[in-house]
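J.: any chance you can model this:
(chains A and B)
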Amino acid sequence: MSEASAILRDLAQEFDPSHLIVGVGEIACAREPEVLVTQALGSCVGVALWDPRLRIGGLAHVMLPSTSSSAAQGKRHRFADLAVPDLVERMLDMGAAPRRIVAKIAGGASMFRGESGIDTIGDRNVAAVRYQLERAGVPVMAAETGGSHARTIELSTSTGILLIRSYTFGIHEI
Amino acid sequence: MRFDAMSDMQVDALRETGSIGAGHAATALSQLVGHAISIDVPTLEVLDVGEVPELFGGPETLVVGVHVRLLGDIGGSMLFLAERASALALVDLMHARPVGSARAFSADEEALVTHVASILMSAYLAAVGRLADVSLLPARPSSTLDMAGAIMQAVTSDAALRADVALLLKTRFYDADTSVDAYLFFLPDPAGLGVLLGRLGVA
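T.: The predicted model follows:
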């Protein structure tokens, strides 16, 4: 484990209150110039959709691969097989064109190393998200998945840039 | 069976078990480090896993997490969480030196905190197992230093666990000079919790 204190400064910055925070197991869409944020993706996967012409963005915070993977009650959009189609649908409702929508994904880490079971959920989430995006005909333009670190992501609806922040690697864009 | 459907009597039974486990862990740690360490479990509460990051001021707060899966008669997980500063203070407490001596959370500090958390969790599981007459063993602990929200999600997304609700044992390590707060979460799967409360005779 690397010492993260050097990066603490960068992450300590205040959130811009105009940013729309998407919670765990939630989805949201917005238009330019809104910024969509989801915090602390571990094994979860953040799915960012963007229509570059109308500058409409969508963001999902997916927790589990499919509804069949859990008996527990809870938020519908925790699951890749519901969150991804619903997010695409919501983009279309806002006027986005199906052939223009592109995706970027991040997350799917194994937070605890060296243990069977728990360290495969991130991989399965990434696979499920990719499968659902393919079914919806949405190409994945960039991805930063796996590893063993948490990520916070911010989607700029103006530029389509996905900003990724982590204690391990600081801030970068995809 | 869900935690949030538990009676006061059932919560009391698990709190009492927590105190017994903490006592045993304190004895074990005192032997390990060669000076007296005490541990209290002043409160036990049932909370939604989504609320856990708020205990630390938000999902991005940097915390140390030590996780074990449960093996034996009851499936699920235990998770030890401490803020980075608290984990460093815990290292100082174990070394019987002033808080602030440990500054970086590197491999040695991570190994020591993992060891302490592992002893605490093993002692708690042994106490629960003895009281309820179930076999309850921790798997090998694994640890990380990262965002509180991400750690909690990873644990609750675990294939064996579909719990939305966690049992929190607030835990205080202390000696004459120093006191350190940490959080211990007991997350048996729903079937396991039913078995446990049935065996405790309070279901």
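J.: okay, CA-based contacts and neighbour counts for the rest of this
T.: Will do.
J.: any regions of chain B where pLDDT drops low?
T.: Chain B contains residues with pLDDT under 70 at B:1-6, B:158-165, B:201-203.
J.: what are the phi and psi values at the residue in it positioned nearest to chain A?
T.: As assessed by C-alpha to the nearest C-alpha, chain A sits closest to B:Ala150 within chain B, at 4.1 Å. When read as degrees, to the nearest 10, the backbone of B:Ala150 gives phi -70, psi -40.
J.: excluding its backbone neighbours, what's nearest it?
T.: A:Gly42 (4.1 Å; C-alpha to C-alpha, 6 or more residues apart in numbering or on different chains).
J.: tell me how far the one you found lies from B:Thr17.
T.: Distance, A:Gly42 to B:Thr17, by C-alpha to C-alpha, to the nearest Å: 31 Å.
J.: do a quick rundown of the strands in chain B.
T.: Remark: strands assigned in chain B by DSSP state E are B:38-48, B:62-72, B:76-83, B:136-138, B:142-147, B:165-174, B:179-188.
J.: Serialize those strands to CSV and add fields for distance to chain A.
T.: Shown next, in CSV, are the strands of chain B (distance: least, C-alpha to the nearest C-alpha, whole Å):
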stretch, distance to chain A
strand B:38-48, 11
strand B:62-72, 8
strand B:76-83, 10
strand B:136-138, 12
strand B:142-147, 6
strand B:165-174, 11
strand B:179-188, 14
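J.: could you export those to CSV, including columns for mean neighbour count?
T.: Output for the strands of chain B, formatted as CSV (neighbours: other C-alpha atoms under 10 Å in any protein chain shown):
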stretch, mean neighbour count
strand B:38-48, 17
strand B:62-72, 23
strand B:76-83, 24
strand B:136-138, 20
strand B:142-147, 25
strand B:165-174, 21
strand B:179-188, 22
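J.: closest one to A:Lys104 among the ones you listed?
T.: Nearest to A:Lys104, of all these, is strand B:142-147, at 21.7 Å by C-alpha to C-alpha.
J.: so how far is that closest one off the chain centroid?
T.: Distance of strand B:142-147 from its chain centroid, counting by C-alpha atoms, centre = their mean, to the nearest Å, is 14 Å.
J.: repeat for stretch B:49-64
T.: From the chain centre to the centre of stretch B:49-64 is a distance of 15 Å (C-alpha atoms, centre = their mean).
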